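Participant: no sequence for this one, just the structure:
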């Protein structure tokens, strides 16, 4: 049985150059999402959100694999949108003031009904999954964006974020929407200098 890997189907979105920013047209995609606020390095809410997203994603993966369609897919990497309140500079604001949406992209065969059934299955098995009730299934339409691959620790992202913003300005565009990151590496298994993170910024 071939495994469907959405990230490989959308390579331009998930594997950009690490040298220079590029422009991409991001199509409408479905995500599991959880909203929150605060420093991700200190926030229990952020860790609980990640746990809930992966718990639902893997439950649905196995429900689909064992169902009548016999489709198997790869669970996508964690992504997050980051922003601050109006008038506050994201790059200089304290992380405790950051708003965030943690999310995981879902293949087309995942539906709202399946999400509900997976949630019920987790509850039926009496698994302790904080924030499970906060997860929503939603379409996200990001549109035209600029992005770059950052290789290294999360704390060293700023030069690439500034490069991305300059690229957008130099191309005659302006920033739009929320700062977007896609975490391709598992920080528990990769050295900080080896971490790969897609940094994306919608533009207008």
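Facilitator: Yep, it's here. A quick note: this is a predicted structure, and the numbers were derived from the prediction, not measured. Numbering: from 1, shown residues only.

Participant: Quickly list the domain ranges of this structure.
Facilitator: According to automatic domain parsing, the chain comprises the domains 12-27+142-204, 29-83+94-140.

Participant: Reformat these as TSV; add mean neighbour count.
Facilitator: In short, each C-beta sits where N, CA and C put it, glycine included. Output for the domains of the chain, formatted as TSV (neighbours: other CB atoms under 10 Å):
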stretch	mean neighbour count
domain 12-27+142-204	16
domain 29-83+94-140	17
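
Participant: where are the low-confidence patches of this structure?
Facilitator: Scanning the chain for pLDDT under 70 picks out 1-2, 68-70.

Participant: quick one on the thing from earlier: adding distance to residue 5 as columns, could you present the domains of the chain in TSV?
Facilitator: Converted to TSV, these look like this (distance: least, CB to CB, whole Å):
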stretch	distance to residue 5
domain 12-27+142-204	10
domain 29-83+94-140	4
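
Participant: of all these, which lies closest to residue 3?
Facilitator: For the domains of the chain, proximity to residue 3 was assessed by CB to CB; domain 29-83+94-140 is nearest, at 4.9 Å.

Participant: Let's see the distance spanning that closest one from one end to the other.
Facilitator: 5 Å (CA to CA, to the nearest Å).

Participant: Run the chain-centre distance for it.
Facilitator: 10 Å (CA atoms, centre = their mean, to the nearest Å).

Participant: that older thread, residue 6: which of the domains of the chain is closest?
Facilitator: Nearest of the domains of the chain (CB to CB): domain 29-83+94-140, 5.4 Å.

Participant: Now do the biggest helix by length in the chain: which elements does it pack against?
Facilitator: Ranked by number of residues, the top helix in the chain under DSSP state H is helix 44-65. Where contact means 3 or more CB pairs under 8 Å, 6 or more residues apart in numbering; DSSP states H and E, helix 44-65 is packed against strand 29-37, strand 72-73, strand 78-83, strand 99-106, helix 112-124.
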